[in-house]
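K.L.:
the amino acid sequence is not available; the structure is as follows:
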């Protein structure tokens, strides 16, 4: 394989006595979907937070395409191409769907201090927004207020916002949480389409989805990597089964 | 040096008044997430009712009881009728509604008690001085203010850290649903907590009344100082309130004495005193700015 | 007063000037911008009550036989608020005579603006030095004193009595600074400490410690309104009253304050241009009428309000209630043709009083309440220090 | 985002037209005081509109906006003072009474202070922000109280209004009124454009979900600070106008009550509407005039009105009249 696009080395983060990630190593290549699974509290979201820049690791470093980004803030990393979505839906509820995505387009388009021309009729923003909406299949709802969307639609909208920032790395935190079967199916297909263009780190609980789309899977338990490899290998790994059994017991 | 110690005590005494205010305000904020500007009005109500009881009965202890009870009752009535509807609203709404209460109460006391300030006599059994150090005689009343304030704060710590009610209060601050599930009436608990904060404000009002003019608007000056105290200490933290109150009280009092002296090295007395006194009033804000620049969330975390 | 003559006069003026001075037929409006709230609120109330007493003695709504309408508003001791009220009175009510100013900071914001607009202002209390000197104006009269006057007299008294080390205390606002400047006019002993407080301050712990530290023979203070009550009480609490006797102008020991302060004030000396036991006919009937009307002894503020009203009344009578010729009205005011309750009273060239100043002592009155008793005359025919700077 | 509809346009133009014809009508009715009063209202409306930018659109609850107003007013007052007294102000410069110089300077001073306060207070949020802005405004209040040379607690009397390009046209009450109205209209138009622009969208985005904005690559601090400074500068302009209107400058302009009343105007009129605060200012001043006629204790009524408005009248007057609710 080629050199990793995003690489984390020895990420360590603890809150008081509680260790959230334990000297975690992780890499992510362009054109792959790398699934991260693990029981609740395994440190998946904390790992995501450190990769995106929301949380500062106590130790370890993060390299994006050869550049050390460990000390960079979240906005700075976002502008270098790391985009993330949230486990809990985070869209701008008062904006319309189009405006939501337009804000994301604008993040990369600059001219933030343009104070006179109305953004609503800005062709650059609208074109970018509509393209992203088209890719996730939400174009027909462009003028709805985001608060009025169904849950699944909001998740699609979030993905559109992530795509609109023209990222290289997608950090998707349970994009299918709370979705119905048909929506999960559509989202899964969308992820497969996106695979070739991005490096995708996917945190997901739905094992069927993971085994369907993931190129590689990493299992986290207690903040450390328990196992990592091809999905089939993971499925048959005894330690992994033990960890999951323990959780369900 | 003796002069310095005396001034230090003056600073502590202001600090204790601020602490009584700040502990109530920070408790209410920490638990109900309510910013209550009307806390200054409760201070004022305590002072007015206390002054009235004092005038009729001549007993400072009855005045204390009356003022504290009045503030507590008014506080709980406000909580029951208006404030509990604001717990889940934005801070902006809370600020504006409680600003409305300030306007209301300031006018109300002017109608009831007139526009002149009331004077409250120091209780006769506290009208003597205590020689705390050789050569330093300090008014007993001021010492009493410090002592009562400290006792109350210790009691408050005990209540919150060591008792069952305190456990509910601490739990209520973090998980409202859970405390409800335990079968505790959360609405009642909130009303009582608010009442407790109001009583502390009333107590501060009555105790400070011999030292200040009891008049409409007296609560707001102390309220803004109290804000500075809890911003410095960390909103929601009792320990922070203690540190902040002492810091602000002492800084304000010492500033008032020593800044004019400093300025007199360059300017005539009138200018020096004005510049010094105002710089003293600015000192606490500068202290606040410095604290915030280093620790934007204040010195202590909530519920530390 | 002949109603017919007056109507004829009014008609003549109306025809002669061709200006419809509708106001002449209506009562003369007098705007009183005064301080009714805050710690200093009782000063304004007593000035107002004294003023109203003069109107009532004429049967209600007349002064000098001329129908007047008194419009009273509270400035809250706030210069900006005072200015707004004065503006409203002039623009909305067409007021031509104003009075009421209690505190000098309000006076400094209101009076220069008002007199520029051609309104006559007669101050019943505040007398800032600027307005007596460089900024004096033909439309501005002071019926009480220039701020420094009573303090100067106390300085002279302490000098005469041989107090060599004095501590000075006053709030930092125009009248406070005037007070200490005034004190130093005749006082030549040592000033061992000089402290300026904030106006409206209530806790004097720091200042009192400073006094103790300085160890003076006497403390001279000027803390008007509620401030003085707190200071004297706290001073007494610190058991310093016997060690460092308190002196001040009448403002520090007016009857209202003395009642509030209680025993701490007993025996204190203060200077005043008036006292309730001052023996003259005008004063005897004023004190009696005031007690009858309001049920309490008048203070010097009530006397100042009363004299102000009587002064305006004398001038209104002289011009027959016709304010179309303001110079005539001013001339009548300058004459000060009324029986002042303080005895001799006349205006200097800067339109501030020339009057006697006395020293009083706080004693127990016949009714068992503390009150002020006349002790001696300190200065006869006192003129303020700024008359030379006035161009009038 | 506020979509313009017919009723909103009507309400905006309506209130501006009302304000435009007010002086001739008031003078025809021989009520010159109406013009003075309405002019005061205009000035406060301008500051309230500026406050709405940060409070309504950015949800930065500034409890210290009167400080900007006061700084603007003092800038004009102090420059005037030195000009009249012919005393040097800074580096031998003897101040100025020229509006075209003093007013932009007033905005600059207010903006500079806003930059300072914003840089400290915007590092925190929510209730900290409220208390810190309040505390810093109080600090400026005490700063001016301490400036004995400029009147201290008693304020600074101006001997005339500013000159404009050397002329004293502002001496006329009516001219000053229309200048203030012109400023209000210009600021309103400008801010309407701002909130609809790319910049405005960022501000609104930060209000709704700051974390998400960061994840998208924005640094909210920078934009919020810019909005805060812009709002401060415009409030400073209002202060310059207030100084000219009152011909008097006082620490009271920057008291905490004054800050509170600005917030009340925004809320009563309608948060995040920009036009609403004008209605709010109108209502508050009218309410005071009417109630004062009945009782000096008019705030006894205002207080409960405010509480009820917060509880039950969320969109404010403007929201109610357009049938829209905001927030």
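P.N.:
Great, that's in hand. If you're wondering where the values come from, they're calculated on a predicted model, not measured in any experiment. Numbering: from 1, shown residues only, chains lettered A, B, ... in the order given.
K.L.:
give me the residue from chain A nearest chain B.
P.N.:
Per CB to the nearest CB, residue A:16 is where chain A lies closest to chain B, at 12.1 Å. All C-beta atoms are positioned from the backbone trio N, CA, C, and that covers glycine.
K.L.:
and if you look at the stretch 1-150 of chain C?
P.N.:
For the stretch 1-150 of chain C, CB to the nearest CB, closest residue to chain B: residue C:37, 3.9 Å.
K.L.:
over to the stretch 101-250 of chain D?
P.N.:
Closest point on the stretch 101-250 of chain D to chain B, by CB to the nearest CB, is residue D:146, at 2.8 Å.
K.L.:
next, count neighbours for that residue.
P.N.:
Look at residue D:146: counted by other CB atoms under 10 Å in any protein chain shown, it has 24 neighbours.
K.L.:
so where's the stretch 151-300 of chain B uncertain?
P.N.:
B:171-184, B:270, B:274, B:277-278 (pLDDT under 70).
K.L.:
please list the residues of it that sit near chain C.
P.N.:
By CB under 8 Å from any CB of the partner chain, the part of the stretch 151-300 of chain B that sits against chain C consists of B:210-213, B:215-216, B:253, B:256-257, B:260, B:269-270, B:273-274, B:277.
K.L.:
so which pair among the residues you listed is furthest apart in space?
P.N.:
Of all pairs drawn from those, the greatest distance, 32.2 Å, lies between B:216 and B:269 (CB to CB).
K.L.:
check the offset of the one helix or strand residue A:234 maps to from the chain's centre.
P.N.:
According to DSSP states H and E, residue A:234 maps onto helix A:231-235. Distance of helix A:231-235 from the chain centroid (CA atoms, centre = their mean, to the nearest Å) equals 22 Å.
K.L.:
could you do stretch D:184-204 as well?
P.N.:
The chain centroid and the centroid of stretch D:184-204 are separated by 16 Å under CA atoms, centre = their mean.
K.L.:
does it come close to chain B?
P.N.:
No - Stretch D:184-204 does not reach chain B (CB under 8 Å from any CB); its nearest approach is 15.3 Å.
K.L.:
residue B:124 is in contact with residue B:210, correct?
P.N.:
No - look at residue B:210 against residue B:124 with CB atoms under 8 Å: they stay out of range, at 11.5 Å.
K.L.:
coming back round to it: OK, contacts around the residue of the stretch 1-150 of chain C closest to chain B?
P.N.:
The contact partners of residue C:37, by CB atoms under 8 Å, 6 or more residues apart in numbering or on different chains, come to B:110, B:115, B:216, C:74, C:76-77.
K.L.:
residue A:154 now?
P.N.:
So, once contact is read as CB under 8 Å, 6+ apart, residue A:154 ends up touching A:89, A:91, A:146.
K.L.:
out of those residues, who's the most crowded?
P.N.:
Neighbour-wise, these (other CB under 10 Å) top out at residue A:91, 26 neighbours.
K.L.:
three-state assignment of that residue?
P.N.:
Three-state call for residue A:91 (DSSP: H, G, I helix; E, B strand; the rest coil): coil.
K.L.:
for residue D:213, grab phi and psi.
P.N.:
phi -60, psi -40 (degrees, to the nearest 10).
K.L.:
swap in residue D:139?
P.N.:
Torsion angles, degrees, to the nearest 10, at residue D:139: phi -60, psi -40.
K.L.:
which residues touch the residue in chain D that chain A sits nearest to?
P.N.:
Going by CB to the nearest CB, chain A is nearest to residue D:217 of chain D, at 3.3 Å. Applying CB under 8 Å, 6+ apart to residue D:217 gives the contacts A:75-76, A:78-79, A:107-108, A:165.
K.L.:
all helices for the stretch 51-200 of chain D, in order.
P.N.:
D:65-85, D:99-121, D:126-146, D:173-196, D:198-208 (DSSP state H, counting those that start in this stretch).
K.L.:
that should have said chain A, apologies.
P.N.:
A:44-52, A:74-79, A:97-109, A:123-136, A:151-164, A:181-194, A:207-213, A:231-235, A:238-248 (DSSP state H).
K.L.:
a markdown table please, covering those helices and showing mean pLDDT.
P.N.:
Formatted as a markdown table, these follow (pLDDT from 0 to 100):
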| stretch | mean pLDDT |
| --- | --- |
| helix A:44-52 | 91 |
| helix A:74-79 | 91 |
| helix A:97-109 | 91 |
| helix A:123-136 | 91 |
| helix A:151-164 | 90 |
| helix A:181-194 | 89 |
| helix A:207-213 | 87 |
| helix A:231-235 | 84 |
| helix A:238-248 | 71 |
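K.L.:
any chance of JSON lines for those, columns distance to residue C:269?
P.N.:
Listed next are these as JSON lines, based on distance: least, CB to CB, whole Å:
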{"stretch": "helix A:44-52", "distance to residue C:269": "77"}
{"stretch": "helix A:74-79", "distance to residue C:269": "73"}
{"stretch": "helix A:97-109", "distance to residue C:269": "77"}
{"stretch": "helix A:123-136", "distance to residue C:269": "82"}
{"stretch": "helix A:151-164", "distance to residue C:269": "82"}
{"stretch": "helix A:181-194", "distance to residue C:269": "93"}
{"stretch": "helix A:207-213", "distance to residue C:269": "96"}
{"stretch": "helix A:231-235", "distance to residue C:269": "99"}
{"stretch": "helix A:238-248", "distance to residue C:269": "90"}
